[in-house]
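Enquirer: Quick one, structure for this:
(chains A and B)
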Protein chains: 2
Amino acid sequence: MRRLVRVMFVAVILVWFAAPLAAQQAAPAEYPGLETGKMWTFDAPPLAYWAKRYDFHPDAAWLDHVRLAAARIPGCSASFVSGDGLVLTNHHCSRECIDAVTKPGEDLLSNGFVAAARTDERPCPGMVLDQLQAISDVTDSVTAAVPSGTPATRSADLRGAAIRGLEQRCKAGAADAFCQVVTMYRGGQYKLYRFRRFTDLRLVFAVEASTAFFGGDPDNFTFPRHDLDMSMVRAYVDGQPAHTEYLRWSAKGAAEGDLVFVVGNPGSTGRLNTVAQLEFLRDVQYPATLDLLSREIAVYQALAAADTIRGKELRNTLFGLQNTQKAIRGYQSGLLDPQLMARKREWERTLRAKVQADALQRRLYGAAWDSTAVVRRRLAALDVRRRYYAFGAYGTRLLGAAATLVRLPVEDAQPDSARLPAFRQANRAQLERLLTNDQPVDTAVEAALLGAYFTAMVRELPAADPVRRAALGGRTPEAAAHQMVAASTLITVEQRRALLSGGAAALAQSRDPFIALARTIDPLERAVQKQVTALVSQEAQNDERVARAVLAAFGTSIAPDATFSLRISDGEVKRYPMNGTYAPPFTTLHGLYDRSIAFGGREPWNLTAAWQAARDSVNLATQLNGVSTADIIGGNSGSPVVDRNGRLVGLIFDENMEALPLRFLFSEGTGRSVWVDARGIMEALRHVYHAGALADEVAGR
Amino acid sequence: MRRLVRVMFVAVILVWFAAPLAAQQAAPAEYPGLETGKMWTFDAPPLAYWAKRYDFHPDAAWLDHVRLAAARIPGCSASFVSGDGLVLTNHHCSRECIDAVTKPGEDLLSNGFVAAARTDERPCPGMVLDQLQAISDVTDSVTAAVPSGTPATRSADLRGAAIRGLEQRCKAGAADAFCQVVTMYRGGQYKLYRFRRFTDLRLVFAVEASTAFFGGDPDNFTFPRHDLDMSMVRAYVDGQPAHTEYLRWSAKGAAEGDLVFVVGNPGSTGRLNTVAQLEFLRDVQYPATLDLLSREIAVYQALAAADTIRGKELRNTLFGLQNTQKAIRGYQSGLLDPQLMARKREWERTLRAKVQADALQRRLYGAAWDSTAVVRRRLAALDVRRRYYAFGAYGTRLLGAAATLVRLPVEDAQPDSARLPAFRQANRAQLERLLTNDQPVDTAVEAALLGAYFTAMVRELPAADPVRRAALGGRTPEAAAHQMVAASTLITVEQRRALLSGGAAALAQSRDPFIALARTIDPLERAVQKQVTALVSQEAQNDERVARAVLAAFGTSIAPDATFSLRISDGEVKRYPMNGTYAPPFTTLHGLYDRSIAFGGREPWNLTAAWQAARDSVNLATQLNGVSTADIIGGNSGSPVVDRNGRLVGLIFDENMEALPLRFLFSEGTGRSVWVDARGIMEALRHVYHAGALADEVAGR
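Expert: Model prediction:
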């Protein structure tokens, strides 16, 4: 979970319920409320379930404590770990700050950073941290803003206006307040989250990037693991360290079998998707995405093999693509699991039967599932054109530049609010920066990606298709790609800048083959996107109806899908079957050295000088990473792991591959959340980084 | 590979050839001669292939050296590692000796053994070691003994007599010679192997069983691995240490990418099987075996869950069954791989086309494949009866005892040579020992296994089947099983002894339900076995024809199937994709401690006192286990791994799960042979076991 994996478009949603089917080891049959997972909200903690399963009975103070000690930062989670505003999160969550505070001649990303004193802590420009203060239900206000019978396209605007009003009223008068209406259950509920926002955050500590990401892309999403993926910032208020609720550090850590909780902000799940929506992902979207990834991977593999000089750079791109492939294959494997899908189908059937049995519900929600199925069938029929009548999917910089140049005069002729978002005034500077980026265009990569794309096009688009004809003009895919790149006048930044400043006149003169292709694609792409947008907004109304039906049937005893809002998830520290044997519940510092030596110390399993020097002085038996069955996903990076006593035992930084299928179909099996162990952090602070004062601060000494 | 996995009956054979098919990553396309694997014989070393692939050009002296330094011991391989007859092998290969030399009050299996001086070395009763001296081709002599047109059932006798004659003449006059005719290419060749046999072997060194088998059944067939599976014996001649060829120890060991060779005795492969034979395994034999294993596993799981007192004992049985399941599933996964099977089919087609193109070959061999296919269809039709009209398959001791009691009077009435083998005079004592074994009969296990077996019987046998009727008599499977066990008079050893001594008269009086069932099964089982035997001997003739066709097409440029005879296999030390990332080429002592601590030091990942004490004194960076792409299988346990210079770098003790499918369909992918690293052995001898003299001896100091 080092990176939030790009997913083309995740859509829409429904719930399932635990109908007891035979042979359902994968189903959490004992706890039927777990069918949508365990990402619980703080306004509806599952007290009865915790009591039954773990004999755990937290009071309001316990819940308030862990909620206030947790925090959200852009794209990640975090927690306060000292009374002086010290914040613990992953290294990959502070990376922007680390880059930003690096001074000329330094390389903090490679070498790490330890602030020797508070005066050495370096302000992170633009970084904010939100601490959740209160949650209130604003469902009625939001839904009242959209009278029944409002057309789908108008609903979003009305709802948006109501939400902005609620957020503004909430924030009014409080300088450090940040308010956000969070959509729960896909529109079944709207909750107003009020945060205290900290805006003065300073970098205190960062490990070396290779220590945070030991094992690199290959080890990502796997376990056993050996990453010290951590950094610390400090929150300041009025120039002084912030004093607020914080987590005490557990010296003894967790043991196998222990109950633990992850408190953080999972980004996005699709467990409320209807069967039709899951089938679309399984049969249309993911196959196309995986096909695209395979093509790109093959291109980079061939280039890396042929070009030993740029091999490493190409291999990094390759690893990134393979990592995305690993994630999508993981999601897809859940959808391809016939047992899981059969269970889902059964629950949808049961839910719809409940709706049919109630006259009012039948009238309000009854048509939603079939309507969504129709939408998805239409989207499926549009899909090949949607993919080939798109600029981004080709993966080439030259076509992207051509698209921008072709569209600029058209968009500029319209009022700002009517333009495509990228072309609005607010984004204009960024658009021009992208176009005039002076990183050299790699013509070998361009030709290879384009050739692969054209080859796929021949397989998928009919011969008479206008884009196919414009692209190939009777040539083979390889010939077309090479000739286009060879003839292009968009290769150098000067060429692109001249066309940008020359406006419509220069463009009209251009004989660039990418500009010619972009002219063909442009109107076709707009027409397809218009149809897609209409279908998706129609579907959004269905989603809301399905969500209401779910809430009518179950209330909030089932958890809503992840929405990058604060959740608490329970789990147990637990080994699991892997590679024919068991993956252990922990790894140790011994394991870190083992894996590095086993690979001859070569990247990405190399050790920094600090770690090499420390091998004889650290306690090698110290736990470094650990796993539990807590339910997490991207966005949970940096979440604290706490024990029954609310003490910090770990720092989430990843999930294993086996957890990937749970994105859409939750089950309690071999999926695990992966953390940096609190004991490993303490040992490293004291004996590798010699940051004794920091260690004392978090240890409360 | 700790144990040679029980396989019900592996059969028969043919070769395939590298026809270059598209998309055959799994095929060693660059080296088409590898289609039957890399288990080369010393009389046909693949010099051209080694030269081309590795630029390696061993002379006769190199080959003689490694051949003479290697050795075969019962069920295992071994090597000489000092000029004073010191022999290195696995711990699990010396286990019988370790048990046998343990004195009252000692527990050498748990605690290990180090002979302080040569006088403390303990003779292993009955152990022998064979060192291969020479190979000669006796194909003509053996085949001449079976005139063409000899009926299938008679051929085996004639061939057996010829082979015994050859072996006796070879051995004549040499006290320490041992001679064996080895069948190669399933009867395509016969080779006379002449060995020097050592009969005075004494235990020198053994680690603790838990160190040899760290990780136990769960870690078996997996990697990364951390087993010091080693022991040493010394060969004596005339009361003095034997002086013979031996391997020098490599101090620097192997590195990733290095060429290595495994020299040992792989037990059995089926890569020359015809497609019909593989399909029988895939569609008939393995599904039935896996079904049986699943049933037994479910029985033991239920019993272990319900019986906390006997939980550990039952879990050991369970782990053993699961390990067998792991192996069979591995074999089956190769057969279920459509690409591998398509490749096999294509090669068989090509081979048969060659045979058809030659008039003589067509007449001699042309009908063999179709005849074997008919045999396998008939065996498939017999299969359900073969399985249910069998005593052993029920897995119960009570039915086994009943079968022995019922058959004894019948068999005793015949001349010794005509009896079933188990009932011949030579085996009589063992038979009675089994029957009067005083280990208590576990009635819960008996009833549960029988119930599961009867349940499967209801699914597979028709209602009118005589065995089904006799077993169930209208009762449910569970009721029948419980009532039979409850009514049995074979539970105590006294009861069984009384029936044994009472003879036919006592038996006639018995009302035991197992004896009644055995009376029904007995004649049916004999009839089915008779048909099976006739079909199998018909098939053996086909196998030989197919083998001749293979040799006509390829000569000995392709390796014969494993036959527990000395082979040399090349490989590279190489990481491989595993669990979404890579398994490293080595593990280290760090990894051993990591895995133990990670599981809280609990069995089977516990460390002995010696290893706990050594944690601060051993060099933790020392390589403990390693992997290569050399081609091995059960029987290779204890094989030396040598480098280009013929130096010892490792000691084979297992293969990974990914190598299991290669039993029938060889390919170079993620399969790996797993060894104990020579550096790990040396470090342990010196710093864990304080066996400095032994370490000096193997290091040549």
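
Enquirer: Get me the contact residues on chain A for chain B.
Expert: Proximity of chain A to chain B, by C-beta under 8 Å from any C-beta of the partner chain, involves residues A:215, A:218-222, A:224, A:255-256, A:326, A:575, A:578-582, A:584-588, A:590-591, A:593-595, A:597-600, A:605, A:620-621, A:623, A:657. All C-beta spots, glycine's among them, are computed from the backbone N, C-alpha and C.

Enquirer: In helices only, show me the residues you listed.
Expert: Judged by DSSP state H, helices contain the following of the residues of chain A next to chain B: A:218-219, A:326, A:590-591, A:593-595, A:597-598.

Enquirer: rewinding a little: list buried residues within the residues of chain A next to chain B.
Expert: A:215, A:218-222, A:224, A:256, A:326, A:575, A:578-582, A:584-588, A:590-591, A:593-595, A:597-599, A:605, A:620-621, A:623, A:657 (16 or more other C-beta atoms under 10 Å in any protein chain shown).

Enquirer: Got the phi and psi for residue A:151?
Expert: With angles defined as degrees, to the nearest 10, residue A:151 sits at phi -60, psi 150.

Enquirer: tell me the domain boundaries of chain A?
Expert: A:37-128+A:199-271+A:560-699, A:275-531 (automatic domain parsing).

Enquirer: Now do stretch A:577-588, average pLDDT.
Expert: Across stretch A:577-588, pLDDT averages out at 97.

Enquirer: which regions of chain A sit below the pLDDT cut-off?
Expert: A:1-30, A:393-394 (pLDDT under 70).

Enquirer: Centroid-wise, who is the farthest residue in it?
Expert: Here chain A reaches farthest from its C-alpha mean at residue A:509, the gap being 43.0 Å by C-alpha atoms, centre = their mean.

Enquirer: which non-adjacent residue is nearest that one?
Expert: Leaving out its chain neighbours, the residue that sits closest to residue A:509 by C-beta to C-beta, 6 or more residues apart in numbering or on different chains is residue A:502, at 7.9 Å.

Enquirer: Confirm that that neighbour sits in a helix.
Expert: Yes - using DSSP: H, G, I helix; E, B strand; the rest coil, the assignment for residue A:502 is a helix.

Enquirer: Tell me how many other residues surround residue A:501.
Expert: 9 (other C-beta atoms under 10 Å in any protein chain shown).

Enquirer: I figured residue A:274 was touching residue A:349, is that so?
Expert: No - applying C-beta atoms under 8 Å as the test, residue A:274 and residue A:349 come out as separate, 11.5 Å apart.

Enquirer: got any residues that touch both of the two?
Expert: Common neighbours of residue A:274 and residue A:349, using C-beta atoms under 8 Å, 6 or more residues apart in numbering or on different chains, do not exist here.

Enquirer: ok, which stretches of the stretch 251-400 of chain A are strands?
Expert: A:259-264 (DSSP state E, counting those that start in this stretch).

Enquirer: residue boundaries of the helices in it?
Expert: A:275-280, A:286-306, A:311-335, A:338-356, A:359-365, A:368-388, A:397-412 (DSSP state H, counting those that start in this stretch).

Enquirer: So for residue A:202, which of these sits nearest?
Expert: helix A:311-335 (30.6 Å; C-beta to C-beta).

Enquirer: which of the ones in helices among the residues of chain A next to chain B sit farthest apart?
Expert: A:326 and A:590 (26.8 Å).

Enquirer: Contacts only, for residue A:260.
Expert: With contact set as C-beta under 8 Å, 6+ apart, residue A:260 has these partners: A:254, A:570-573, A:628, A:630, A:641-643, A:649-650.

Enquirer: Looking at the residues you listed, which are in strands?
Expert: Of the contacts of residue A:260, the ones assigned to strands by DSSP state E are A:570-572, A:628, A:641-642, A:649-650.

Enquirer: May I see those arranged in CSV, with distance to residue A:464 and neighbour count as well?
Expert: Output for the ones in strands among the contacts of residue A:260, formatted as CSV (distance: C-beta to C-beta, whole Å; neighbours: other C-beta atoms under 10 Å in any protein chain shown):
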residue, distance to residue A:464, neighbour count
A:570, 57, 22
A:571, 55, 22
A:572, 59, 18
A:628, 56, 28
A:641, 58, 32
A:642, 62, 27
A:649, 63, 28
A:650, 59, 31
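
Enquirer: In what element of secondary structure is residue A:153 found?
Expert: Here residue A:153 sits within helix A:152-171, counting by DSSP states H and E.

Enquirer: which strands and helices sit next to that helix?
Expert: Here helix A:152-171 touches helix A:139-144, strand A:177-184, strand A:189-198, helix A:513-554, going by 3 or more C-beta pairs under 8 Å, 6 or more residues apart in numbering or on different chains; DSSP states H and E.

Enquirer: Would you mark the buried spots in stretch A:314-322?
Expert: So, applying 16+ other C-beta under 10 Å, buried residues of stretch A:314-322: A:314-315, A:317-322.

Enquirer: re earlier: let me know which of the helices and strands packed on helix A:152-171 is the nearest to residue A:69.
Expert: strand A:189-198 (12.6 Å).

Enquirer: Can you name every helix or strand that the next helix or strand after the closest one contacts?
Expert: Remark: after strand A:189-198, the chain's next helix or strand is strand A:200-206, criterion DSSP H and E. Where contact means 3+ C-beta pairs under 8 Å, 6+ apart, strand A:200-206 is packed against helix A:95-101, strand A:113-114, strand A:122-123, strand A:231-237.

Enquirer: between strand A:200-206 and strand A:231-237, how big is the angle?
Expert: Counting by axes from the mean of the first three to the mean of the last three C-alpha atoms, to 10 degrees, strand A:200-206 lies at 150 degrees to strand A:231-237.

Enquirer: got the contact list for strand A:200-206?
Expert: With C-beta under 8 Å, 6+ apart as the criterion, strand A:200-206 contacts A:86-87, A:91, A:94, A:97-98, A:101, A:108, A:112-115, A:121-124, A:127-129, A:230-237, A:239, A:685, A:689, A:691, A:694.

Enquirer: next helix or strand past it?
Expert: helix A:209-212.

Enquirer: Pull the distance from that next one to the chain's centre.
Expert: 21 Å (C-alpha atoms, centre = their mean, to the nearest Å).
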